[in-house]
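Asks: Sequence plus the predicted model coming up.
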Amino acid sequence: MSKKKVCKNCKMFVEGSECPNCKDNKFTNTWQGKIFIASPAKSYIAKKIGVTAKGEYAIKCR
């Protein structure tokens, strides 16, 4: 199984050719750690890392 691709700009996991969050098209397959933000408005971690959209994010990417 291959690794998922991650948007280099916002670190969101992406399946298509454009990031649904920031509309960027630069991706990487080199990432470490995952975090799922279910409710960005209520999440302390989402506020801390600057996430405003619900979804799955990489903790670190290159």
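Replies: In hand now; what should we look at?

Asks: What is the burial count for residue 6?
Replies: Residue 6: 25 surrounding residues under other Cβ atoms under 10 Å. C-betas here are computed from N, CA, C, even on glycine.

Asks: Secondary structure class of it, three-state.
Replies: Three-state assignment for residue 6 (DSSP: H, G, I helix; E, B strand; the rest coil): strand.

Asks: likewise the one 4 residues further on?
Replies: Judged by three-state DSSP, the three-state class of residue 10 is coil.

Asks: low-scoring stretches of the protein, by residue?
Replies: Residues of the chain meeting the criterion pLDDT under 70: 1-3.

Asks: So which residue is dead centre in it?
Replies: Residue closest to the average C-alpha location in the chain (Cα atoms, centre = their mean): residue 12, at 1.6 Å.

Asks: dump the residue contacts of it.
Replies: Contacts for residue 12 (Cβ atoms under 8 Å, 6 or more residues apart in numbering) come out as 6, 19, 20, 21, 22, 53, 55, 56, 57, 58.

Asks: Any of those residues buried? List them.
Replies: 6, 19, 21, 22, 55, 57, 58 (16 or more other Cβ atoms under 10 Å).
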